[in-house]
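>>> my questions concern the predicted model and sequence given below.
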Amino acid sequence: MASTHLCHQISRPPPGRTVSFRRLTAAKPPGISLPTYKHVGNNRSLAVRTQTHLKWALRLSMVDQSPPTSTIDMKQLVNFLYDDLPHLFDDQGIDRTAYDDQVKFRDPITKHDSIGGYLFNISLLKNLFRPDFQLHWVKQTGTYEITSRWTMVMSFILLPWKPELVFTGTSVMGINPATGKFCSHLDFWDSIQKNDYFSLEGLWDVIKQLRIYKTPDLETPKYQILKRTANYEVRKYSPFIVVETNGDKLSGSSGFNDVAGYIFGKNSAMEKIPMTTPVFTQAFDADKSKVSIQVVLPLEKEMSSLPDPDQEDISLRKVEGGIAAVSKFSGKPMEDVVQEKEKVLRSNLIRDGLKPKMGCLLARYNDPGRTWSFIMERSTNMAGGVFAGLVP
């Protein structure tokens, strides 16, 4: 029984202190580091960098970044947001007293210029989409500016198939030096390039995610989406266990009956184990000469409690989780299609300053014998050290 790590560790900003508006917090949760943000020119412009070769320039007339010296404690505001932002869409809600009455909100498809409009937008999202808001980090990025990174997963409940929408990005919040309150909130999405209001690219990004997209209703490895771009997702996986044997190629099905037989009772205890998804085929080297086919075991299973395989060429392995970049696609996964998808994914990652590891995985959400009508996703493991410094 072997153990595999997908990455090493994710760098985190230093721990914070307490803050007071309406609530106090003992310490902020661990975050995930991202490239720094660079100010350009005088007090009227800001360049936001989220990828090595991507910059957004935004005119900021709502926040003066170089006014006379103020006594505002920016560290306290940073820690206040660590405590307050996770309540955006729960019953407690954010502390509205921390915001100016004329707070300005902008994202690619929405704008409001008052605290009433700001709170209305939050309420609308809460009631229509049931958002799961995940805060990664908060840091000061200007004299009177704080930036946060987040993931928001939503389900549009008005459509019968309840499509899942995922957005990741940053929020740049300006502070009024006269009041010490937040006077602006600007959202930038990782999935589009044109983030200025009104963005047709942003609207199309929403519409595309409303399509019918289903995978089998079976247990699957747990993961958190750290970043969603137009071409791939960056995910952080929790540990899981696989039963595996040798395969022939990434798109092949050789060995599937053997690993499937293990969960159907062909093991030392003749124990039947519930089905999960997906089926993985993994290449461990650049020329894909060594391939394994894997079935994921239920998450509650422990290595010590699993029965031994009946066949010598079948083994159990714990995958320790970590970071993976994933490109989703549908259709029949012919070998040339899979290899081209991998090539494009690697090219996108390198373009964005990321360093993929050798090898790749193909994940299939039906068994390999039914390749005509299923949805797949392919993931390439990321080098932990380099990845942690570049991707949120």
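Arrived safely. Every value quoted in this text rests on a predicted model; they were computed, and no experiment measured them. Numbering: from 1, shown residues only.
>>> ok, and for the helix or strand harbouring N79, which residues are buried?
Following DSSP states H and E, one finds N79 within helix 74-84. With burial defined by 16 or more other CB atoms under 10 Å, the residues of helix 74-84 counted as buried are M74, Q76, L77, V78, N79, F80, L81, Y82, D83, D84. C-beta here means a position set from N, CA and C on the backbone, and glycine is covered the same way.
>>> swap in stretch 118-131?
By 16+ other CB under 10 Å, the buried positions in stretch 118-131 come out as Y118, L119, N121, I122, L125, K126, F129, P131.
>>> the fourth one: which element?
Secondary structure here is read from DSSP H and E; on that basis I122 sits in helix 115-129.
>>> check which helices and strands the helix or strand following that helix sits against.
Helices and strands here follow DSSP H and E; after helix 115-129, the next one along the chain is strand 132-142. If you count contacts as 3 or more CB pairs under 8 Å, 6 or more residues apart in numbering; DSSP states H and E, strand 132-142 packs onto helix 74-84, strand 145-155.
>>> so what strands line up beside strand 132-142?
strand 145-155 (antiparallel) (DSSP bridges).
>>> the partner strand versus helix 74-84: what angle between them?
Angle, strand 145-155 to helix 74-84, by axes from the mean of the first three to the mean of the last three CA atoms, to 10 degrees: 10 degrees.
>>> which SSE is immediately downstream of strand 145-155?
The helix or strand immediately downstream of strand 145-155 is strand 164-176, counting by DSSP H and E.
>>> any idea how far M358 is from W204?
M358 is 35 Å from W204, where distance means CB to CB, to the nearest Å.
>>> what comes up buried for the longest helix anywhere in the chain?
Ordering each helix of the chain by length in residues (DSSP state H) puts helix 335-351 first. For helix 335-351, a neighbour-count test (16+ other CB under 10 Å) marks V338, Q339, K341, E342, L345, R346, N348, L349 as buried.
>>> count the neighbours of the nearest residue to E271 once chain neighbours are set aside for me.
Distance criterion CB to CB, 6 or more residues apart in numbering; nearest residue to E271, sequence neighbours excluded, is P307 at 5.2 Å. Counted by other CB atoms under 10 Å, the residues lying close to P307 total 15.
>>> in a helix, that's where P307 is, yeah?
No: per DSSP: H, G, I helix; E, B strand; the rest coil, P307 lies outside any helix segment and is coil.
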